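[1] Structure for this input, please:
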Amino acid sequence: MEFTLKYSGSLKANAGKDEKHLIRQAFHEQMKELWNHEPLASHIELKDELVRSVGSFRFLPLVSVGLAFTAGVSILMLREGTPGNIFVEGGDIDNRLKTLFDSLRMPSNVSELPKNISRREGEDPFYCLLEDDNLITSVTVDTDRLLIPLLNKSHVEMFLRISIRKHKDYIATSGII
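    You can find the predicted model right below:
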């Protein structure tokens, strides 16, 4: 199964839990829409099995240990700077990618959620890509110059091509991949 996620906004190196959750919210809307389309729309019964609670949130990760899925991620990151210049004012690329991967996964415990956060309308369950970022098995990253005026030094436009694979057969997921 393959699909593309888009992110437009700030992507800081070593971002805090508030910034990570804002990015997670941007992906939530896209992941929620993904479940309305085939092949996932034919497997709605999996939702109850996949939901994980963290504090007052109920997260629904698509890629999980229970489903025996892993993910490959191919990233096109448009940002300030010349091609090849991966150390920029917005932060070096490896720490920005760590922020991104933390935002693609559900929090592992309540301390990873912003203080005093509450669910917004439509966030129950809260859709995300990953149960754990250890389920990412391959990553490619292409960077290039963003040719529009920047909102701030950490602004990026990103396209993430996600390839979901199963690493063992699971009867409930036949037909998804």
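
[2] Please tell me how far the closest residue to Asp18 other than its chain neighbours sits from Leu97.
    Closest residue to Asp18 apart from its sequence neighbours, by CB to CB, 6 or more residues apart in numbering: Pro114 at 4.6 Å. In this view, the C-beta of every residue, glycine as well, is placed from N, C-alpha and C. Distance from Pro114 to Leu97, counting by CB to CB, to the nearest Å: 21 Å.

[3] can you check Lys166 too?
    Going from Lys166 to Leu97 by CB to CB gives 25 Å.

[4] next structured bit after the host helix or strand of Glu29?
    According to DSSP states H and E, Glu29 maps onto helix 17-34. Downstream of helix 17-34, the next assigned helix or strand under DSSP H and E is helix 46-50.

[5] what residues does that next one touch?
    Contacts with helix 46-50, where a contact means CB atoms under 8 Å, 6 or more residues apart in numbering, come from 35, 60-62, 64, 66-67, 125, 172-173.

[6] And Pro114 and Leu97? Which one has more around it.
    Between Pro114 and Leu97, counting by other CB atoms under 10 Å, Leu97 is the more crowded of the two (18 against 14).

[7] Excluding chain neighbours, what is closest to the residue most central in space within the chain?
    The centroid of the chain falls nearest to Leu104 when counting by CA atoms, centre = their mean (2.3 Å). Leaving aside its chain neighbours, Leu104 sits nearest to Leu129 (4.5 Å; criterion: CB to CB, 6+ apart).
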